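> Quick one, what's the 3D model for this:
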Amino acid sequence: MISFIVPAHNEEALIGRTLSALHEAAKTLAEPYEILVVSDASTDRTDAIAQEYGARVVVVIHRQIAATRNAGAKAATGEIFIFVDADTVVTEKAVRAAVRTLRRGAVGGGCCVHIDGRLPLYGMILERLLPPFMHAVGMAAGCFLFCTRRAFLAAGGFNEALYVAEEVALGQRLKRQGRFVILREFVTTSGRKLRAHSALQLLRIGARLAFGGQRALRRREGLEYWYGPRLNTDPN
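Next up, the predicted model:
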């Protein structure tokens, strides 16, 4: 069984296309799968839309991504976990490659990322730099991260002390369990944050995190880039 775990907070504008793509990709594998939408304090139609698309909805009130992802893993029944963000569209190739990689003995991994819609110049530069950087350092983006249940539990799941970079921390712990693979296949994630923030704002956030160290990662304050209001902008 494959468990797709989708954390979501007020994602009514985008979650439908995410779940549709998951179903299309999963059905080509010809093996059992489930989709869990972990709705974290959603106040819009996220839950209803998820149910319309045949997902099992797990309702939590954390407003913290690591705890929300862990809640999905706890409720999942599969031996393979694939974490997909609610604003991310997977492909059959990426899902098939992830499952094949795990079946061949890897403990986890991620894939390359495209960013949708029109992007500011700095966003286009980031999109170009992301794939080689991810391959060079072996880092999986949180929008598509996969692992075996066994490796996930052995690694202790996502660190709930962290409000951001929890996927990076889990990736490092998974590497201690065995082979961690960054696939050449792509998924497409939303560029809404890049469209809503300038390069200067992003630099300021990066500097705050760099100088603040672990303490900056362990509190929601100052992390509005991730925890601010959902900006469901037109990707075109």
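
> so what's the residue nearest the centre of the chain up against?
In the chain, the residue lying closest to the centroid (C-alpha atoms, centre = their mean) is C143, at 2.5 Å. By C-beta atoms under 8 Å, 6 or more residues apart in numbering, the residues touching C143 are V84, D85, D87, T88, V113, V187, T189. (C-beta placed from N, C-alpha, C; glycine too.)

> Now do the helices in this structure.
Counting by DSSP state H, the segments of the chain that form helices are 15-27, 46-52, 65-75, 92-103, 121-137, 149-155, 166-175, 192-196, 199-217, 224-227.

> which residues does L130 contact?
For L130, counting by C-beta under 8 Å, 6+ apart, the contacting residues are C112, V113, A141.

> Next, G105: phi, psi?
Taking degrees, to the nearest 10, you get phi 110, psi -10 for the backbone angles of G105.

> residues in contact with it?
Taking C-beta under 8 Å, 6+ apart, one finds G178, R179 in contact with G105.

> which one of the contacts of L130 sits closest to V60?
A141 (22.5 Å; C-beta to C-beta).

> can you list the residues that contact the longest strand out of those in the chain?
Counting by DSSP state E, the longest strand found in the chain is strand 180-189. Applying C-beta under 8 Å, 6+ apart, the external contacts of strand 180-189 come out as 84-85, 87-91, 93-94, 97-98, 101, 106-116, 134-135, 138-141, 143-144, 171, 174.

> Select from those residues every entry located in strands.
Per DSSP E, the subset of the contacts of strand 180-189 in strands is V84, T88, V89, G108, G109, G110, C111, C112, V113, H114, I115, F144.

> Weed out the non-buried ones from the residues you listed.
Using 16 or more other C-beta atoms under 10 Å as the burial test, the ones in strands among the contacts of strand 180-189 include V84, T88, V89, G108, G109, G110, C111, C112, V113, I115, F144 as buried.

> which two in those are spaced the farthest apart?
So, these by C-beta to C-beta: farthest apart are G108 and I115, at 22.9 Å.

> Lowest-scoring secondary structure element of the protein by mean pLDDT?
Least confident helix or strand, the chain: helix 224-227 with a mean of 72, by mean pLDDT, DSSP states H and E.

> Look at the closest residue to R219 other than its chain neighbours and say how many residues are nearby.
Leaving aside its chain neighbours, R219 sits nearest to Y163 (6.5 Å; criterion: C-beta to C-beta, 6 or more residues apart in numbering). The tally of other residues near Y163 (other C-beta atoms under 10 Å) stands at 21.

> Could I get the pLDDT score of P131?
As predicted, P131 sits at a pLDDT of 84.

> Would you mind measuring from it to V164?
Distance, P131 to V164, by C-beta to C-beta, to the nearest Å: 21 Å.

> tell me which residues in stretch 96-108 are buried?
Those would be A97, A98, V99, T101, L102, A106, V107, G108, for stretch 96-108 by 16+ other C-beta under 10 Å.

> quick one, what contacts the fifth one?
Shown in contact with L102 (C-beta under 8 Å, 6+ apart): I80, G108, F146, C147, T148.

> still on that earlier bit, check what pLDDT the residue nearest to the centre of the chain gets.
95.

> hang on, R149 packs against I80?
Yes. With contact defined as C-beta atoms under 8 Å, R149 counts as touching I80 (7.1 Å).

> Looking at the two, which is more packed in?
I80 (21 against 16).

> is it true that that one touches I5?
No. Using C-beta under 8 Å, I80 makes no contact with I5, being 10.6 Å away.

> Might you list the low-confidence residue ranges for this protein?
Scanning the chain with the threshold set as pLDDT under 70 gives 216, 225-226, 230-236.
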